[in-house]
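Asker: Sequence first, then the predicted structure, then my questions.
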Amino acid sequence: GAVVSQHPSWVICKSGTSVKIECRSLDFQATTMFWYRQFPKQSLMLMATSNEGSKATYEQGVEKDKFLINHASLTLSTLTVTSAHPEDSSFYICSAVRDPRQPQHFGDGTRLSIL
Amino acid sequence: KNEVEQSPQNLTAQEGEFITINCSYSVGISALHWLQQHPGGGIVSLFMLSSGKKKHGRLIATINIQEKHSSLHITASHPRDSAVYICAASFSGGGADGLTFGKGTHLIIQP
């Protein structure tokens, strides 16, 4: 089946650090990748939609200058949390779509803790 | 506003019981998804449906477009079914559209 790899699984770092999270589709070319965020005891929320070779589309309330998304190839999208602060601590998870008529395939997520 | 409501939030049942989780949504959708989230956070897609009914093993998902309602059923539940089950909707664009999620149902199946 389709596999999406997300790395790292967890990150603990100091406030002000920039953190990069990678999302790779291992056995298929993803036309679209999505980035979601989940705060404790809350629903998953869409942050941005990423298409290869074009600028990401951000949801309302998500700062594009803070959450940099690069989708350089059909198998890799990266999310960089710039100058992270404790309020950015959350669970970040990506998903990838091979075919719009098929379900999204999710990575295992990244637990980010900013001290 | 695109909203997805899910119930119950928590459900504890005995092994073997028939489980039903309900989901309703506010406006027309292009697809309804049922997801399973494990304790570590990883998410598995169980079903994607836009009409009718789908079955996979002991899991059954149904959707009523007119009622804007979907249900996930688990037959002969087992402790390994314990997880958070999440209903999510694509409100436009089919699968190439970001999902709007319900709050999830935390299911515990006791032996």
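Answerer: Noted; the coordinates are in hand. Numbering: from 1, shown residues only, chains lettered A, B, ... in the order given.
Asker: average pLDDT across stretch A:15-23?
Answerer: Average pLDDT, stretch A:15-23: 96.
Asker: Need the contact partners of it.
Answerer: A:4-8, A:11, A:13, A:33, A:35, A:76-86, A:92, A:94, A:96, A:107, A:110, A:112, A:114-115 (Cβ atoms under 8 Å, 6 or more residues apart in numbering or on different chains). C-beta here means a position set from N, CA and C on the backbone, and glycine is covered the same way.
Asker: In stretch A:91-105, which residues are buried?
Answerer: Buried residues in stretch A:91-105, counting neighbours by 16 or more other Cβ atoms under 10 Å in any protein chain shown, are found at A:F91, A:Y92, A:I93, A:C94, A:S95, A:A96, A:V97, A:R98, A:P100, A:P103, A:Q104, A:H105.
Asker: Next: stretch B:43-60.
Answerer: Quick answer for stretch B:43-60 (16+ other Cβ under 10 Å): B:I43, B:S45, B:L46, B:F47, B:M48, B:L49, B:L59, B:I60.
Asker: Now do it, average pLDDT.
Answerer: Mean predicted lDDT for stretch B:43-60 stands at 95.
Asker: now it: how far from the chain's centre is it?
Answerer: 8 Å (Cα atoms, centre = their mean, to the nearest Å).
Asker: Which of the buried residues of stretch B:43-60 fall within helices?
Answerer: Using DSSP state H, no member of those sits in helices.
Asker: circling back: among the buried residues of stretch A:91-105, which one lies nearest to B:I74?
Answerer: A:P103 (18.5 Å; Cβ to Cβ).
Asker: All set, thanks.
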